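>>> Here is my input, please return the structure:
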Amino acid sequence: MRVGSGEFFVSVIIPCLNEEEPIADVVREVLAQGVDEVIVVDNGSTDRTAARAAEAGARVIAEPVRGYGRACAAGVAALSARTEIVCFLDGDGSDVPAFMADVVGPIADHRADFVMGSRLKGRREPGSMTPQQILAGWLAGLLLRLTYGAHFTDMSPFRALRIERLRALGMHEMTYGWNLEMQMRAAAAGWRLLEVPVDHRCRQGGVSKVSGNLVAGVKAAWKIVTTFLRLAATLRREPRQDLHLRDKKV
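Take a look at the predicted model:
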């Protein structure tokens with residue numbers, strides 16, 4: 001992918017569960033940005049998500065055991081050996097792939113170690129985010145700022161980092177805590193963190209597994225809170241092993 005200061009092998013991981021309606025368009029939009037590889041992780045779908053993703057040009061892998069973090073980890077394990085930068089986004093059509101260069105560019109140019117697209121800083125279609133999603137991002141941002149001095153406004157799935165940094169993070173969360181764990185570990189490691197504004201749309205099909213269901217939303221919020229408290233205690237005991245990489249151009 002031509003981005004920032006040169007050419008980089010950029011892989012995009014899209015975890016999916018029953019996203020038959022939007023996934024083909026999502027894959028095509030992502031490929032249109034010039035990325036080198038799109039991996040769709042089918043996390044136990046009961047519809048034609050996998051078939052439609054493959055037809056649109058994605059490499060599809062199966063992770064039948066449910067869990068958002070588990071699907072993301074399966075995608076990481078399947079990355080091409082040539083991958084330099086990895087980007088994540090959702091398969092429901094709500095993320096806008098046209099902002100790919102904005103998210104990946106600062107990584108390519110060594111201006112940041114972790115970049116996340118903030119839906120709160122960009123333009124949002126009415127109804128694209130529920131009040132509980134906005135509150136969760138605000139609360140996580142507050143806790144991260146108070147604990148690590150990191151400034152986040154969101155827990156957006158649209159994010160990028162270099163693959164060797166991701167593998168050094170020691171990610172463990174297998175459910176909805178994956179995104180928060182990544183932000184916490186990056187902050188605790190002293191990385192250069194950056195949020196860039198990205199637009200956000202209403203989902204293009206299917207049913208939300210979290211935000212569209214009150215019970216699931218409460219469960220996810222509880223998972224986020226417990227993940228933060230548990231990881232904050234764990235990270236205080238872990239050495240900050242990545243600080244020596246801060247200014248290294250790899």
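
>>> Quick check, G57 in contact with E29.
No - counting by Cβ atoms under 8 Å, G57 sits too far from E29 to count as a contact (11.0 Å). To be clear about C-beta, it is placed using only N, CA and C from the backbone, and glycine gets the same treatment.

>>> Neighbour count: these two, which is higher?
Applying other Cβ atoms under 10 Å to G57 and E29 shows that E29 carries more neighbours, namely 18 against 13.

>>> so where's the longest helix in the protein?
Longest helix in the chain, counting residues (DSSP state H): helix 214-237.

>>> Packing partners of that helix?
If contacts are counted by 3 or more Cβ pairs under 8 Å, 6 or more residues apart in numbering; DSSP states H and E, helix 214-237 sits against helix 131-148, helix 178-188.

>>> so which of those helices is the most packed in?
Compared across the helices and strands packed on helix 214-237, helix 178-188 shows the largest average neighbour count, a mean of 23 (mean count of other Cβ atoms under 10 Å).

>>> Let me see the mean pLDDT of that helix.
If you average the pLDDT over helix 178-188, you get 94.

>>> Give me the next element, helix or strand, following that helix.
strand 193-197 (DSSP states H and E).

>>> what's in contact with that next one?
Residues from elsewhere that reach strand 193-197, judged by Cβ atoms under 8 Å, 6 or more residues apart in numbering: 99, 102-103, 106, 111-118, 121-123, 150-154, 183, 186-187.

>>> Separate out the buried members of these.
Taking 16 or more other Cβ atoms under 10 Å as the criterion, what is buried in the contacts of strand 193-197 is 99, 102-103, 106, 112-118, 122, 150, 152-154, 183, 186-187.

>>> Spatially, what comes nearest to the residue nearest the centre of the chain if we skip its sequence neighbours?
Closest to where the C-alpha atoms of the chain average out (Cα atoms, centre = their mean) is P157, at 3.3 Å. Nearest residue to P157, sequence neighbours excluded (Cβ to Cβ, 6 or more residues apart in numbering): D90, at 4.8 Å.

>>> What segments of this structure are helices?
Secondary structure of the chain by DSSP H: the helices cover 23-31, 49-56, 68-77, 100-108, 131-148, 163-169, 178-188, 214-237.

>>> Next, the angle from the first one to helix 100-108.
Orientation note: helix 23-31 sits at an angle of 50 degrees relative to helix 100-108 (axes from the mean of the first three to the mean of the last three Cα atoms, to 10 degrees).

>>> Out of the helices and strands in the protein, which is least certain?
Counting by mean pLDDT, DSSP states H and E, the weakest-scoring helix or strand in the chain turns out to be helix 214-237, with a mean of 77.

>>> Output that one as CSV, restricted to C-alpha atoms.
What follows is helix 214-237, C-alpha atoms only, in CSV (Å, rounded to 0.1, in the frame of the first residue of the first chain):
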residue,chain,number,x,y,z
LEU,A,214,-29.6,-3.7,26.1
VAL,A,215,-28.7,-6.9,27.9
ALA,A,216,-25.7,-7.5,25.7
GLY,A,217,-24.7,-3.9,26.1
VAL,A,218,-24.7,-4.2,29.8
LYS,A,219,-22.7,-7.4,29.7
ALA,A,220,-20.1,-5.7,27.4
ALA,A,221,-19.9,-2.6,29.7
TRP,A,222,-19.4,-4.9,32.7
LYS,A,223,-16.6,-6.7,30.8
ILE,A,224,-14.9,-3.4,30.0
VAL,A,225,-15.0,-2.3,33.6
THR,A,226,-13.7,-5.6,35.0
THR,A,227,-11.1,-5.8,32.2
PHE,A,228,-9.8,-2.4,33.1
LEU,A,229,-9.5,-3.1,36.8
ARG,A,230,-7.9,-6.4,36.3
LEU,A,231,-5.4,-5.3,33.7
ALA,A,232,-4.5,-2.1,35.6
ALA,A,233,-3.4,-4.3,38.5
THR,A,234,-1.6,-6.7,36.2
LEU,A,235,0.2,-4.0,34.3
ARG,A,236,1.5,-2.4,37.4
ARG,A,237,3.5,-5.6,38.0
